[in-house]
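>>> Pasted the sequence and its predicted model underneath.
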Amino acid sequence: MSSNENTLFSLLLFLSIISHNVHAEVKVNKADSDEVFKLPLRMPNVTTKEHDTYLMTPVKVDYDDAYIVGYIPQASASKVHHILIYGCTTPARDDVPYWDVGDMGGICHWNSEVNTILWAWALDAPKFDLPDKVGFHVGRNAKINYILLQVHYKYVLNETDSSGVDVMLITKSPPKLAGIYLFATGGTVIPPHMAVNADTTCKYNEELEITPFAYRTHTHGLGVRVSAWREREGTWTLLGSGDPRKPQMFYLMKGDPHPVRKDDILHARCEYVSHRDTTTRIGSTGNDEMCNFYMMFYMNATRFKLLDGCYIEKRFKVPDYARVPEDKAQTVTFEWDKSWNTTGILKNMGQIGGLSHTPDNKELVVFHRAGNVWDGSTFNGKNEIVNKDAILEEDVILFVDPKTGNVTRSLGSKHFILPHGVFVDHHGNLFVTDVGLHQVLKFEVNQTEPSLVLGTKFEPGNDETHFCKPSSVVVSGEDFIFVGDGYCNSRVVKFNMKGKFVAEFGKMSEKLGVPGGMNLVHDLTISHTDRIIFVADRENGQIHTMSYKGKFKSVFSIPGDVYAIDYIPEIRAIAAVNISSSDAPSKVSLVNADTGEISAVYPTDTNNSFTMPHALTYIKNIGIFLGEIAGDSPYPIWKLEEIKHDADKRRETPALLNVLGSNIPISFLVVIAVLAVIPIAYMGVVVVLRCSDRGSGDSFDRQGFQKLLRDYDSSDEEEDLVFKNSKVYR
């Protein structure tokens, strides 16, 4: 497609978005009960055969008028990635109890008068209550005859599932009705390897005051933040801001309400960071982009009407006092380092037990097993190493240049049998664990003999002087040593710096969501400023947060078995990796250290993947390194390069007409203008015909975003179009 044709497509899309939004008055019928009742939405004992499956099931709303006042999720993030709730006049299918959105059909039928998103859930979010005396209008009079449940199953289900939501309803009209105001852009162009803003601005011209109370953001793979503001008499107020890489659910707005009145100016901005080698545009596939900010609001029920969204692209500058804090931060992403030689570090590199780095970030520290391999014959039934003579003769602690992969120095010969975890403290002292020796050893800077040994050699146990296959170790500055113990004991053991036992924390548990209940402590990482230890609970697929005093605070669920973790203080995130399985492909997840939300997953390049990454470390301004234990020697070390993008230097995308440029012939612009009139004229005819059919006093349908026909991409949600022939958002 030529550049002129691309320009024509973008302009027609933009103009059609504007021209197809028609106001519709909503008739409010009083009912006789404000008693809350429950409409269960459940998947009918479904199974999945593939990762990233989106299933849909409809439930009929058998009322003339009903009003949604809340949602109670009945699902677990251990199975369900997210849930979306839609309202339709007619569902896409009525011949099956459920269907796959990607393979078998869409959401609402192509001629459904209403096709609207009503709610979203993810990551074990709690129940969602609308504000007091506020409800979404559904039922026959609202043209929402069906409420549809969409469940995104991230991984293959090993058993049937009936996840869903309880929709809480009343039949008496509340004093206020809820709606959704959509901000969207259609002409954004994102050049390769650039940071770009897409802005939209509109004046609110309605006489009716609305009160925003919740919001949801949506982009595709390049979006990093979406925000909206209200401007009144030159004063800006932030309405909401969210990271679209996090679960795309509705979040309640914080602080006092900020009503929107006539003559207020509304602004929204999508921020993108491109790591691609090609240009990206707003479009119809998962490889294209979207820019949406959904603003949930309420207004007086007796005067309720559907509102146009905001689609006018116009650049703006946010005053410093109204900026989102993250706007001034650097956005961090990671990409495969194609220049990194994964197997070139050492020709006889063994299984990678652990990875760390020196405090100056100039050396990657590799702890490998050389010629020893852990298999089913390594230990006996008492967890004792079978071959006590298999001491490794070579240096197995390597110091590596993280930019070139060259080994700069090494140590550790004749000290280890089965290396596992390694940690370097702020002085440069090495702490390592050996699961065959059942010990933890400390090597001071430039020393080849250990200065401290914890545990009893070759003796597994569970007391103050014995470990059983200790997996990991971290050190809290000058204070304490914490040992992850490990394969047999599922505990964290605390010592002072002289090696004296202080306490132990945690217990064996296969039950999910129990703070301190762990099934194989496989790795530890530490936040020195927060004085928190993060514990990788491998078999339960969880990360526990624990204070230095041993108080377990929270538990985060991660897809698959969590093998290795490292804390990234600059973005307050935990990098966590799992080993590939039938339930979860191997990925590095960036986990918010405060909330447990997964903000990003790597690699994004599907042509590259890990096999069995056993160890992980992050080196500031360089990247994430991962060590494998699968395959044969030399075992590879992978590198994800860190890419930083300064949001303050983000390029602002010109408005659509500026994108067209001045070198396009006037005759071509005339053709565009003529063609743009066609959808507007068509809509005029449709409106006249519908009004004549329905008679005076009835509302007519409002057109909005048409559904974007795209190659189905399971990494994105199906509502990329949001409105279709809709009398929406009751």
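Thanks, I have the structure now. Bear in mind that the values here come from a model prediction, so they are computed numbers and not experimental data.

>>> Specify the local secondary structure of the most centrally placed residue in the chain.
The geometric centre of the chain, computed from its C-alpha atoms, lies nearest to residue 246 (CA atoms, centre = their mean), at 3.3 Å. Assigned by DSSP: H, G, I helix; E, B strand; the rest coil, the conformation of residue 246 is coil.

>>> Would you check that it makes contact with residue 598?
Yes. In this structure residue 246 lies within contact range of residue 598 using CB atoms under 8 Å: 7.4 Å. Bear in mind the C-beta positions are built from the backbone N, C-alpha and C, glycine included.

>>> re the thing from before, quick check: the gap between the residue lying closest to the residue nearest to the centre of the chain once chain neighbours are set aside and residue 558.
Spatial nearest neighbour of residue 246, excluding adjacent residues (CB to CB, 6 or more residues apart in numbering): residue 597 at 4.8 Å. Between residue 597 and residue 558 the computed distance is 11 Å (CB to CB, to the nearest Å).

>>> Those two: which is more packed in?
More neighbours surround residue 558 than the other of residue 597 and residue 558, with 25 against 20 (other CB atoms under 10 Å).

>>> tell me which residues of stretch 63-77 are tucked away?
Using 16 or more other CB atoms under 10 Å as the burial criterion, the residues of stretch 63-77 that qualify are 63, 65-75, 77.

>>> With stretch 224-236 instead?
Neighbour-count burial for stretch 224-236 [16+ other CB under 10 Å]: 224, 225, 226, 227, 228, 229, 230, 231, 236.

>>> before we move on, back to that, between residue 597 and residue 558, what contacts are shared?
In terms of CB atoms under 8 Å, 6 or more residues apart in numbering, residue 597 and residue 558 are both contacted by the residues residue 591.

>>> Identify the element of secondary structure that the residue lying closest to residue 368 once chain neighbours are set aside sits within.
Residue nearest to residue 368 in three dimensions, not counting chain neighbours: residue 350, with 4.4 Å by CB to CB, 6+ apart. Following DSSP states H and E, there is no helix or strand that holds residue 350.

>>> returning to what we had before: mind putting the buried residues of stretch 224-236 into a markdown table with secondary structure, distance to residue 154 and pLDDT?
As requested, those are exported to a markdown table (DSSP: H, G, I helix; E, B strand; the rest coil; distance: CB to CB, whole Å; pLDDT from 0 to 100):
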| residue | secondary structure | distance to residue 154 | pLDDT |
| --- | --- | --- | --- |
| 224 | strand | 21 | 84 |
| 225 | strand | 23 | 89 |
| 226 | strand | 23 | 93 |
| 227 | strand | 27 | 94 |
| 228 | strand | 29 | 95 |
| 229 | strand | 34 | 96 |
| 230 | strand | 36 | 96 |
| 231 | strand | 39 | 96 |
| 236 | strand | 38 | 95 |
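
>>> so which of these comes closest to residue 92?
Checking those against residue 92 by CB to CB gives residue 226 as the nearest, at 27.8 Å.

>>> Identify the residues contacting the closest one.
If you count contacts by CB under 8 Å, 6+ apart, residue 226 has them with 217-219, 241-242, 244, 268-271, 291-293.

>>> Just give me the neighbour total for the residue nearest to it when sequence neighbours are not counted.
Distance criterion CB to CB, 6+ apart; nearest residue to residue 226, sequence neighbours excluded, is residue 217 at 3.7 Å. By the criterion of other CB under 10 Å, residue 217 has 27 neighbours.

>>> what about residue 212, distance to residue 374?
As for residue 212, its distance to residue 374 is 56 Å (criterion: CB to CB).

>>> ends of stretch 51-67, how far apart?
Its start and end residues considered, stretch 51-67 measures 35 Å (CA to CA, to the nearest Å).

>>> that older thread, was I right to think the residue nearest to residue 368 contacts residue 369?
Yes. Residue 350 lies in contact with residue 369 (CB under 8 Å); the separation is 3.9 Å.

>>> okay, and the common contacts of the two?
Between them, residue 350 and residue 369 have residue 396 as joint contacts when contacts are counted by CB under 8 Å, 6+ apart.

>>> about what we covered before: so what sits against both of residue 246 and residue 598?
Between them, residue 246 and residue 598 share the contacting residues residue 592, judged by CB under 8 Å, 6+ apart.

>>> Switch the contacts of residue 226 over to CSV, and while doing so, append distance to residue 530 to every line.
Shown next, in CSV, are the contacts of residue 226 (distance: CB to CB, whole Å):
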residue, distance to residue 530
217, 27
218, 31
219, 30
241, 24
242, 23
244, 26
268, 33
269, 31
270, 31
271, 27
291, 34
292, 34
293, 32
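
>>> Restricted to helices, list those.
Here DSSP state H is the test, and the contacts of residue 226 give no hits in helices at all.

>>> can I get those residues in JSON lines with distance to residue 529 and pLDDT?
Rendered in JSON lines, the data for the contacts of residue 226 read as follows (distance: CB to CB, whole Å; pLDDT from 0 to 100):
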{"residue": "217", "distance to residue 529": "29", "pLDDT": "89"}
{"residue": "218", "distance to residue 529": "33", "pLDDT": "84"}
{"residue": "219", "distance to residue 529": "31", "pLDDT": "85"}
{"residue": "241", "distance to residue 529": "24", "pLDDT": "92"}
{"residue": "242", "distance to residue 529": "25", "pLDDT": "88"}
{"residue": "244", "distance to residue 529": "28", "pLDDT": "82"}
{"residue": "268", "distance to residue 529": "34", "pLDDT": "96"}
{"residue": "269", "distance to residue 529": "31", "pLDDT": "94"}
{"residue": "270", "distance to residue 529": "32", "pLDDT": "93"}
{"residue": "271", "distance to residue 529": "27", "pLDDT": "91"}
{"residue": "291", "distance to residue 529": "35", "pLDDT": "90"}
{"residue": "292", "distance to residue 529": "35", "pLDDT": "89"}
{"residue": "293", "distance to residue 529": "33", "pLDDT": "92"}
